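> Curious how this folds, go ahead:
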Amino acid sequence: MVGRRIVNNMLNNILDNSYFQNVVSEFIALVILLILGWSVHKFTHRSQLLRFFRVADSKRVVVYLSNLSIPKGGAIDIDGIPRSFQESAVPAYETRLPALFQRLFNFIVPGADSLPGFLKSILVSDVSVEILVSPLSENEVERDVTLITFGGPGYNIVSRRIEQTFHSFGKFTPDGGSIVLQQMSPLNDPRCAFVQRVIDQTTGQQGFYVAGISSLATTGAAYFLATQWRFLAKKYSNDRPFCVMLRVASADARQYEILFEKG
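Okay, the predicted model is just below:
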């Protein structure tokens, strides 16, 4: 009886200890969060997302932006005066597009902000989205990861490589003012853009080519890929190449109409 009383007192002391109670509450919260994270993973179709972009194994995707070479005196400052800036630059609108895919692959588990301590910072964040400016040599283009490239071949060598090496349905005319697709007349409407999934027939590398005749059109195509990937994954399964031609129908680039598809 004495031994049992001692054990009970020890247990009561442990259970009444505030440090122990905090540890238990954190553990319970962690278990709940893991269950919630699993549910989010299942019901947000994350496995399908990773398969569609072919990053389930590599957990890495590289986004390439256009590269504008500014000659000396070719840059205009905020007062409209030519300046001596002489370097590479990225179009302002393109700098906003990678965030669409960073949010797509990495997000906070709903409800985590109300949890105690370190649990607030737990993310569904297992894919590295690397943002690079187009190099000036094809030899510097990544060869073993999924690529997402913005803009036409005039300012993006990755887009040029895709048009020349990959199975690209749509291509730009040499002046960049029109889009040409197989057996179709060139399109020169500035609201037109395409989203393509292309495959390097030699290496099997996958790339997503997102480009339009104008900045608005390219932005609309990027929104389409980031928000309609489930539609595309269902229609073009098993890494099937495709090209979706769009016409952007709103000033914010979020509304569009599909003109036609190939794949």
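
> Now do the same contact list for the residue most central in space within the chain.
For the chain, Phe101 is the residue whose C-alpha lies nearest the centre (C-alpha atoms, centre = their mean; 2.3 Å). Residues in contact with Phe101 (C-beta atoms under 8 Å, 6 or more residues apart in numbering) are 61, 63, 129, 148, 226. Every residue, glycine included, has its C-beta placed from N, CA and C.

> Mind checking which of the residues you listed land in strands?
61, 63, 129, 148 (DSSP state E).

> Dump those residues to CSV, plus neighbour count.
What follows is the ones in strands among the contacts of Phe101, written out as CSV (neighbours: other C-beta atoms under 10 Å):
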residue, neighbour count
Val61, 24
Val63, 23
Val129, 20
Ile148, 25
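
> Checking Arg51 next. Helix, strand or coil?
Following DSSP: H, G, I helix; E, B strand; the rest coil, Arg51 is assigned to helix.

> Find the nearest non-adjacent residue to it, please.
Closest residue in space to Arg51, ignoring its immediate chain neighbours: Ala233 at 7.4 Å, by C-beta to C-beta, 6 or more residues apart in numbering.

> List the buried residues for the helix or strand hosting that neighbour?
Using DSSP states H and E, Ala233 falls within helix 229-235. Neighbour counts over helix 229-235 (16 or more other C-beta atoms under 10 Å) mark 229, 232-233 as buried.

> Equivalent analysis for stretch 131-139, please.
131-134.

> Tell me the one among these nearest to Gly73.
Using C-beta to C-beta, Val133 comes nearest to Gly73 of the buried residues of stretch 131-139, at 21.8 Å.

> which residues does that closest one contact?
64-67, 88, 90.

> May I see the PyMOL selection of the buried members of the residues you listed?
Buried subset of the contacts of Val133, written as a PyMOL selection, criterion 16+ other C-beta under 10 Å:
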select buried, resi 64+65+66+67+90
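
> ok, the contacts of Val133 vs Val244, which is closest?
Closest to Val244, out of all of these and judged by C-beta to C-beta, is Tyr64, at 19.8 Å.

> residues in contact with the helix or strand following the helix holding Ala233?
Counting by DSSP H and E, the next helix or strand C-terminal to helix 229-235 is strand 242-248. When contacts are defined by C-beta under 8 Å, 6+ apart, strand 242-248 is touched by residues 168-170, 179, 181, 187, 189, 191-197, 212, 216-217, 219-221, 224, 232, 235-236, 255-263.

> Strand 242-248 pairs with which strands, and in what direction?
strand 192-199 (antiparallel), strand 256-262 (antiparallel) (DSSP bridges).

> what sits opposite the closest residue to Phe53 other than its chain neighbours in the beta ladder?
Spatially, and ignoring its direct neighbours in sequence, Phe53 is nearest to Thr146 (5.5 Å; C-beta to C-beta, 6+ apart). Counting by DSSP bridges, Thr146 forms beta bridges with Val61.

> For Thr146, give its distance to Tyr64.
Thr146 is 11 Å from Tyr64, where distance means C-beta to C-beta, to the nearest Å.

> Check Leu50 too.
20 Å.

> And for Ala253?
20 Å.

> Please report the distance of Thr173 from Asn67.
Thr173 sits 20 Å away from Asn67, going by C-beta to C-beta.

> And the helices in the stretch 1-150 of the chain, which stretches?
Under the criterion DSSP state H, counting those that start in this stretch, the stretch 1-150 of the chain carries helices at the ranges 2-16, 18-43, 46-52, 98-105.

> State the mean pLDDT of the shortest one.
Pointing back at helix 46-52 there. If you average the pLDDT over helix 46-52, you get 90.

> CA atoms of that helix as CSV?
Extracted in CSV, the C-alpha atoms of helix 46-52 (Å, rounded to 0.1, in the frame of the first residue of the first chain):
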residue,chain,number,x,y,z
ARG,A,46,-0.8,17.2,-53.7
SER,A,47,0.4,13.8,-55.0
GLN,A,48,-1.3,14.6,-58.3
LEU,A,49,0.3,18.0,-58.4
LEU,A,50,3.8,16.5,-57.8
ARG,A,51,3.2,13.9,-60.6
PHE,A,52,1.9,16.5,-63.0
